[in-house]
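J.: got a predicted structure here, sequence first:
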Amino acid sequence: MNPVVKAQLKAFEKANPSTGLSENALFEVFSIFSTANGILTENIDPFSAHLGGEEFGLDGIAIMVQGELCQTSDEVNGALSSGKNHSVEFNLFQSKTSEKLDYGDLSKFFDGSHSFFIGDFVHPTEKLSDLMSAKEAVYGAALKRNPILHLFFVTTGPGEVSKQLRQLIDTNKTRLLDLNLFDEVEISILGAKDIQAGYRSATNSISEKIDIIKPITLPEHPSVEQAFLGLVSAEQLVQLATISQSDESDRRINRAVFFDNIRDFNPNSSINKGILQELKEGNQESFIFKNNGVTVVAKEITRKGDTFDLDDYQIVNGCQTSNILFQAGYDAVGVFVPFRLIGSKDANFISSIIVGTNKQNEVKDDQFWALTPFMKDLEEYCREQLGDLRIFIERRENQYRNEAIERTRICRPSDLVKAISAMFLFQPHRSARDYRGIRREFSSKIFQDTHLVVPYHAAAFAAYRTDFAIRNKRVPSSWGIYKYYVLSALGKKLTGGQEIFSLKKSRQELICNDIIEIFSDEQKMIDHYSRVGGILDVMVANSSANTREKIRDFIRTESVAVQFDGDFGKLV
């Protein structure tokens with residue numbers, strides 16, 4: 001294995017201990033992380049996208065719907081339920097530790113990818129079955145445009161493609177396009193240098209240099225170290241908004257630098273088409289008078305004349321402008337944009353800027369909600385826990401990008417809603433498929449400023465440990481779909497079916513201590529999981545649900561949740 005890649009793999013293993021994976025399997029996850037989070041600038045848990053090495057020709061699949069990693073049909077339907085101009089990408093991965101690019105291995109990858117989309121896998125694993133159901137849910141929706149397909153084959157060698165391999169790649173690209181399922185098909189062969197660059201991009205803070213025309217220093221503010229107002233050229237803004245893995249001619253939008261949903265940009269909208277047409281017709285000088293400007297917040301700013309070095313920055317307002325100018329290409333030469341640059345390390349102040357500059361935009365509810373003071377307190381509490389109890393609440397996407405932390409310990413707002421709704425709202429049948437509905441329905445009962453942070457941490461920790469049990473095969477993999485019943489059963493038992501936030505704070509703490517104790521002790525956790533799994537297995541056996549998808553639908557009905565409560569209550 002390439003020595004630089006091997007060193008990066010060791011660093012990745014150190015940041016993600018206790019995975020129980022072999023070196024080859026860990027390299028597969030490492031490759032997914034470096035490719036998806038570094039090259040594609042997505043923000044996913046690579047362990048969730050990993051197939052476990054049990055599928056022919058495939059190591060990983062990441063179905064991205066509106067920027068969300070979706071592994072089931074419920075998750076796809078949930079992601080498609082909000083926003084518009086939905087974007088879907090299928091990212092398929094295969095990696096080999098060998099430095100040789102093997103014709104046979106590449107052929108298997110293409111065959112496995114083709115089989116995934118036409119659905120002719122023989123005896124697919126449960127995880128692959130879930131993913132194929134998710135794929136069917138994508139194509140069952142009335143999308144305005146077909147998904148994009150990316151295939152990534154990783155080796156630790158130079159990644160050079162011979163004429164014979166090029167013919168194989170071109171043939172299979174045509175084969176996949178002929179399915180008429182995709183707007184685009186991209187096939188990438190990644191070598192050692194590509195994967196090295198991807199890993200560095202995925203783990204380092206984002207830095208860039210920009211020239212501001214006639215910058216004006218803004219007034220002092222106690223939460224701002226320095227701030228400037230001026231103009232930037234379209235070329236400079238595009239430089240901030242894009243990333244290149246190889247040469248400058250291959251730049252793409254860097255999703256990691258945008259707060260709001262970059263996927264909501266629609267180049268086919270009449271407004272955006274009109275702006276692009278004006279630029280094409282030579283009306284570059286008019287652009288600045290019609291544009292509201294761009295706001296960038298950076299943790300570090302170093303000024304040298306009119307040149308500014310930015311470190312760990314976010315484009316908190318300017319998604320549409322950045323995309324339009326990127327789409328315009330050479331037609332944007334001569335365009336200038338009003339530009340505001342703010343240097344601050346104050347997370348609360350940065351949050352207020354984000355909210356203030358995005359109220360007029362269609363931004364995910366989760367993103368605004370995650371910036372509330374309560375969530376800040378929860379983030380700090382969870383992070384300050386010692387040892388195995390530590391959880392990282394990700395209030396902002398890519399928040400932990402340049403920190404060497406275990407990826408599976410990162411809890412996103414949507415994950416937290418699911419855990420809380422199962423454990424303390426007793427909604428196991430809805431948690432996975434309808435967390436948005438739960439958040440709306442119970443918005444006045446959860447995430448209140450007067451609440452203790454302790455129950456939220458307990459639920460997040462329990463969810464993490466449940467995932468650990470599934471991922472490390474401490475319980476049968478078929479029980480993965482029982483996760484929220486596992487959380488709900490214990491929450492209901494310990495609270496006596498009472499709403500935890502209505503109890504005295506001392507009582508809440510005692511309950512949460514019991515939750516932590518059970519999920520910290522592997523045998524106690526497994527025993528609890530086994531009781532839940534045994535009850536649900538019997539209920540499923542007595543039903544007509546005979547496929548993975550039908551079982552999932554069955555356990556997500558209210559009648560099953562009610563029956564489960566009765567059966568579990570008899571055991572305890």
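T.: Thanks, I have the structure now.
J.: so where's the chain shaky on pLDDT?
T.: 53, 83, 245-249, 259-264, 355, 357-371, 572 (pLDDT under 70).
J.: longest helix of it?
T.: In the chain, with assignment by DSSP state H, the single longest helix is helix 522-541.
J.: ok, and what's touching that one?
T.: 465-466, 469, 474-476, 479, 482, 485-486, 489-490, 517-519, 551, 554-555, 560, 563-564, 567-568, 571 (Cβ atoms under 8 Å, 6 or more residues apart in numbering). In short, each C-beta sits where N, CA and C put it, glycine included.
J.: stretch 226-238 too?
T.: 210-218, 221, 251, 288, 294, 301, 303, 308, 318, 321-322, 325-326, 328, 332-343.
J.: which strands or helices does the helix or strand following the longest helix of the chain pack on?
T.: Per DSSP states H and E, the first helix or strand lying C-terminal to helix 522-541 is helix 548-555. If you count contacts as 3 or more Cβ pairs under 8 Å, 6 or more residues apart in numbering; DSSP states H and E, helix 548-555 packs onto helix 73-80, helix 126-140, helix 522-541.
J.: tilt between the longest one and helix 548-555?
T.: Helix 522-541 runs at 100 degrees relative to helix 548-555, counting by axes from the mean of the first three to the mean of the last three Cα atoms, to 10 degrees.
J.: kindly report the same for the first one.
T.: Using the same axes, to 10 degrees, the inter-axis angle of helix 73-80 relative to helix 548-555 is 70 degrees.
J.: give me the buried positions along helix 73-80.
T.: Of the residues in helix 73-80, those buried by neighbour count under the rule 16 or more other Cβ atoms under 10 Å are 73-80.
J.: likewise for the second one?
T.: For helix 126-140, a neighbour-count test (16+ other Cβ under 10 Å) marks 126-135, 137-138 as buried.
J.: for the longest helix of the chain, the distance to its chain's centre please.
T.: In terms of Cα atoms, centre = their mean, to the nearest Å, the centre of helix 522-541 is found 29 Å from the chain centre.
J.: keeping just the C-alphas, turn it into PDB.
T.: Presented in PDB, the C-alpha positions along helix 522-541 are these (Å, rounded to 0.1, in the frame of the first residue of the first chain):
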ATOM      1  CA  GLU A 522     -22.700  -4.300  26.500                       C
ATOM      2  CA  GLN A 523     -24.400  -7.400  28.000                       C
ATOM      3  CA  LYS A 524     -27.300  -5.400  29.500                       C
ATOM      4  CA  MET A 525     -27.700  -3.600  26.200                       C
ATOM      5  CA  ILE A 526     -27.800  -6.900  24.300                       C
ATOM      6  CA  ASP A 527     -30.200  -8.500  26.800                       C
ATOM      7  CA  HIS A 528     -32.600  -5.600  26.400                       C
ATOM      8  CA  TYR A 529     -32.200  -5.600  22.600                       C
ATOM      9  CA  SER A 530     -32.900  -9.400  22.600                       C
ATOM     10  CA  ARG A 531     -36.100  -9.000  24.500                       C
ATOM     11  CA  VAL A 532     -37.300  -6.400  22.100                       C
ATOM     12  CA  GLY A 533     -36.200  -8.300  19.000                       C
ATOM     13  CA  GLY A 534     -37.800 -11.600  20.300                       C
ATOM     14  CA  ILE A 535     -41.200  -9.900  20.700                       C
ATOM     15  CA  LEU A 536     -41.100  -8.300  17.300                       C
ATOM     16  CA  ASP A 537     -39.900 -11.400  15.600                       C
ATOM     17  CA  VAL A 538     -42.900 -13.300  16.900                       C
ATOM     18  CA  MET A 539     -45.300 -10.500  15.800                       C
ATOM     19  CA  VAL A 540     -43.700 -10.500  12.300                       C
ATOM     20  CA  ALA A 541     -43.900 -14.300  12.100                       C
END
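J.: what sits against residue 112?
T.: 55-58, 92, 94.
J.: same thing but at 7 Å, please
T.: Residues in contact with residue 112, defined by Cβ atoms under 7 Å, 6 or more residues apart in numbering, are 55-58.
J.: can the residues you listed go into CSV with extra columns for neighbour count?
T.: Output for the contacts of residue 112, formatted as CSV (neighbours: other Cβ atoms under 10 Å):
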residue, neighbour count
55, 20
56, 14
57, 19
58, 24
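J.: turn these into a markdown table, columns for distance to residue 494 and secondary structure.
T.: What follows is those, written out as a markdown table (distance: Cβ to Cβ, whole Å; DSSP: H, G, I helix; E, B strand; the rest coil):
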| residue | distance to residue 494 | secondary structure |
| --- | --- | --- |
| 55 | 39 | strand |
| 56 | 44 | coil |
| 57 | 46 | coil |
| 58 | 41 | strand |
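J.: reformat these as a markdown table; add distance to residue 185.
T.: A markdown table is the format used below for those (distance: Cβ to Cβ, whole Å):
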| residue | distance to residue 185 |
| --- | --- |
| 55 | 20 |
| 56 | 20 |
| 57 | 16 |
| 58 | 16 |
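J.: out of those, the closest to residue 495 would be?
T.: Closest approach to residue 495 among those (Cβ to Cβ): residue 55, at 40.9 Å.
J.: distance of that closest one relative to residue 487?
T.: For residue 55, the distance to residue 487 equals 29 Å [Cβ to Cβ, to the nearest Å].
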